[in-house]
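I would like the atomic coordinates for the input below:
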Amino acid sequence: MMTAPLLHTDRLILRRHMLADYPACCALWSDVEVVRHIGGSPQDAQAVWFRLLRYAGMWSLLGYGMWVMEDRATGAMIGEAGLLSAARSLPELDGVPEAGWVLGPQAWGRGLATEAMAAVLGWADANLDRTAIRCIIEPDNGASIKVAEKLGFAAMGDAVLGGKVIKLFDRRGVSA
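Numbers count the residues shown, from 1 in each chain. Next up is the predicted model:
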């Protein structure tokens with residue numbers, strides 16, 4: 001069974017989710033400002049519990065998934081970053097890992113999403129046999145669009161998800 005490998009950056013430790021992360025995950029995903037551009041609805045405790053189970057399942061079944069973003073200086077969980085498969089019924093995402101990141105407000109504006117995802121994409125380039133990674137971002141989420149562009153993602157068009165227009169981005173990478 002595959003589990004998330006430990007990754008280190010200058011300011012972060014990227015590690016697997018553990019049961020002890022559940023309260024911090026509940027706080028993250030129930031924050032109205034955090035989810036404003038990620039579906040728009042805070043998640044209750046049960047939804048977050050199922051999210052944690054999905055994370056473990058993705059690693060086990062797909063060989064990739066999400067990591068906890070832990071602040072190296074404080075040990076605090078400040079967000080999540082990684083790759084996922086969400087079965088969104090968008091043909092552009094079928095069979096392609098989807099990049100995703102979410103940070104709590106204490107971590108905004110410090111370049112931590114870019115730092116974490118650069119490590120994730122470096123790991124993916126070295127370990128996954130695939131030709132592309134994609135991501136979706138709501139059009140008014142300028143901060144995440146900037147992160148995607150810094151990471152080498154290019155806009156590939158718009159789609160509709162849950163009745164809302166989202167932007168699709170593509171990053172061609174190195175196959176292992």
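
hmm, A116 and V147 touching each other?
No. Between V147 and A116 there is no contact under CB atoms under 8 Å: 9.6 Å. Where you see a C-beta, it was placed from the backbone N, CA and C, and this is true even at glycine.

could you say which helix or strand holds L14?
Take DSSP states H and E as the rule and L14 turns out to sit in strand 12-15.

how far away is the most centrally placed residue in the chain from I137?
Nearest to the geometric centre of the chain sits G100, at 2.3 Å (CA atoms, centre = their mean). The spacing between G100 and I137, counted by CB to CB, to the nearest Å, is 10 Å.

okay, strands next: where are they in the protein?
Ranges of strands in the chain, per DSSP state E, are 7-8, 12-15, 66-71, 77-84, 98-103, 132-137, 154-161, 164-172.

tabulate those strands (TSV), appending distance to A24 and mean pLDDT.
Below are the strands of the chain laid out as TSV (distance: least, CB to CB, whole Å; pLDDT from 0 to 100):
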stretch	distance to A24	mean pLDDT
strand 7-8	19	98
strand 12-15	13	98
strand 66-71	8	98
strand 77-84	4	97
strand 98-103	12	97
strand 132-137	23	96
strand 154-161	27	95
strand 164-172	27	93
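
how about stretch 118-134, which residues are buried there?
Judged by neighbour count (16 or more other CB atoms under 10 Å), stretch 118-134 contains these buried residues: A118, A119, V120, L121, W123, A124, L128, R130, I133, R134.
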